[in-house]
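[1] Provide a 3D model corresponding to the input given below.
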Amino acid sequence: MKKAVMLVMAIVLTFTLAACGNNANNSGGNASTPPASNNSGGATTEPSTEPSEEPKLEGSLLATGSSALQPLVDQASKMFMEKNSGVTIQVQGGGSGTGLTQVSEGQADIGNSDVFAEEKLDADKAAELVDHQVAVVAMAAVVHPDVKVDNFTKQQLVDIFTGKITNWKDLGGDDQAIVIVNRPASSGTRATFEKYALGQKSEDLQGSIQEDSSGTVKKIVGETPGAIGYLALSYLDDSIKTVSYEGVAATEENVVNGTYPVWAYGHMYTKGEPNEVAKAFLDYMLSPEVQEGPIVELGYIPASKMQITRDVDGNVTKK
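    Predicted coordinates for the structure are as follows:
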């Protein structure tokens, strides 16, 4: 009897211990058991892996100046605005001098120029500007398609633009008066042409035509018998005739290797460091999308392709 009672007590104790063990496991007493998922947003909720959106770029820019650089900046600005719907960019001409003056005086965010700021502004004002070189702009003498001249020497161009030669017959052409289509004094294209093609300043001759817009210059030269002017390579087409300089054609290859001298950097100046929107746009100008796109398509040359460099004094150094 005593043995039977002890056996019953052992069996009861065994079941009691087993039940306690099960209760401990179900109550989370086991530290290795992960907590149940929490859908109520408590501390145990896993952090989101969704990437945060970048702040939207917003603002407006005004870029003014060089008409030679205008087609490039205009095209690039449209591409930039397509990518940044919160940004508005206005691009205006007026000449390099105008662009430099307006950015210096705070009237524009970017001053487009074919020349270094030091060539147009006082030293103290030029020192306030930051230079962003985005391309190379080459220029060529152009004439009406019927003019029978294929090459100019430096001296012949000097004689034309200073009024010493006034008829094409003196250069082997027809007996026809020369009609000069020049640029105003504020023009960077004129400054570049005078510096690197003529080697001197030209005069505003009586009877000559002055026009700042490169598009209008092309139209006038193409439609006026006997006309001569000069344009950036980005404006050249069959409506006008491009003339070689000292026996060298105005081609990208000849500009890049330093054989053809009539070219300038395409500068986009800001007063001090650019603001957020201007910096984003200027960075975009140097991106492969622009350097390998509009710059090439519109007849400009990426500055990175140049085999030479040139300083404000015109000194050339091979890279």
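[2] Now do the contacts for the nearest residue to Val248 once chain neighbours are set aside.
    Counting by Cβ to Cβ, 6 or more residues apart in numbering, the nearest residue to Val248 once its immediate chain neighbours are dropped is Tyr260, at 5.0 Å. Every C-beta, even on glycine, is put in place using the N, C-alpha and C of the backbone. Contact analysis of Tyr260 by Cβ atoms under 8 Å, 6 or more residues apart in numbering lists 138, 245, 248-251, 254.
[3] Which ones among the residues you listed map onto strands?
    Judged by DSSP state E, those include 138, 245 as members of strands.
[4] and the contacts of Tyr260, which are buried?
    For the contacts of Tyr260, a burial check counting by 16 or more other Cβ atoms under 10 Å picks out 138, 245, 250-251, 254.
[5] Kindly reformat the residues you listed as CSV containing pLDDT and distance to Gly199.
    CSV is the format used below for the buried ones among the contacts of Tyr260 (pLDDT from 0 to 100; distance: Cβ to Cβ, whole Å):
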residue, pLDDT, distance to Gly199
Ala138, 94, 17
Tyr245, 98, 12
Ala250, 96, 17
Thr251, 94, 22
Asn254, 97, 19
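[6] phi, psi of the residue lying closest to Gly95 once chain neighbours are set aside?
    Spatial nearest neighbour of Gly95, excluding adjacent residues (Cβ to Cβ, 6+ apart): Ser186 at 4.0 Å. Ser186 adopts backbone torsions of phi -80, psi -10, taken as degrees, to the nearest 10.
[7] and what of Asp170?
    phi -70, psi -10.
[8] Please tell me how far it sits from Ser67.
    Counting by Cβ to Cβ, to the nearest Å, the gap from Asp170 to Ser67 is 31 Å.
[9] More neighbours: which of the two?
    Neighbour totals were compared for Asp170 and Ser67, and Ser67 leads with 29 against 14 (other Cβ atoms under 10 Å).
[10] Now do the SS call for that one.
    Under DSSP: H, G, I helix; E, B strand; the rest coil, the three-state class of Ser67 is coil.
[11] shift numbering so it begins at 2
    Will do, 2 is the new start, and the previous item becomes Ser68.
[12] residues touching it, list them.
    With Cβ under 8 Å, 6+ apart, Ser68 has these contacts: 94-96, 188, 190, 213-216.
[13] At the geometric centre of the protein, which residue do we find?
    The centroid of the chain falls nearest to Met286 when counting by Cα atoms, centre = their mean (3.2 Å).
[14] Show me the shaky parts of the stretch 52-201 of the chain.
    52-55 (pLDDT under 70).
[15] Walking through it, point out its helices one by one.
    Ranges of helices in the stretch 52-201 of the chain, per DSSP state H, counting those that start in this stretch, are 71-84, 97-105, 124-128, 155-162, 189-194.
[16] The nearest residue to Ile181 once chain neighbours are set aside: neighbour count?
    Leaving aside its sequence neighbours, Ile181 sits nearest to Ser209 (Cβ to Cβ, 6+ apart; 4.0 Å). Other residues lying near Ser209 total 17 when counted by other Cβ under 10 Å.
[17] contacting residues around Ser209?
    Counting by Cβ under 8 Å, 6+ apart, Ser209 touches 180-183.
[18] Remind me which helix or strand the residue nearest to Val249 belongs to.
    Following DSSP states H and E, there is no helix or strand that holds Tyr261.
[19] roughly how far apart are the closest residue to Glu253 other than its chain neighbours and Ala233?
    Nearest residue to Glu253 in three dimensions, chain neighbours excluded: Ile302, at 5.5 Å (Cβ to Cβ, 6+ apart). Distance, Ile302 to Ala233, by Cβ to Cβ: 11 Å.
[20] Check the gap between the residue nearest to Val249 and Asp314 for me.
    Per Cβ to Cβ, Tyr261 is found 19 Å from Asp314.
[21] got it, and Ala304?
    In terms of Cβ to Cβ, Ala304 sits 18 Å off from Asp314.
[22] Those two: who's more crowded?
    For Ala304 and Asp314, the more surrounded residue by other Cβ under 10 Å is Ala304, and the numbers stand at 16 against 8.
[23] List the contacts of that one.
    134-137, 266-267.
[24] change it to 10 Å
    Applying Cβ atoms under 10 Å, 6 or more residues apart in numbering to Ala304 gives the contacts 134-137, 266-267, 287, 292, 296, 310.
[25] Drop anything exposed from those.
    135-137, 266-267, 287, 292, 296.
[26] Tell me the buried residues in stretch 160-178?
    Residues of stretch 160-178 classed as buried: 160-162, 166-167, 169, 172, 174 (neighbour count, 16+ other Cβ under 10 Å).
[27] from those, which is closest to Ala127?
    Phe162 (27.0 Å; Cβ to Cβ).
[28] Report the secondary structure state of Val222.
    helix.
[29] Count the neighbours of it for me.
    26.
[30] repeat for Asp213
    Other residues close to Asp213 by other Cβ under 10 Å number 18.
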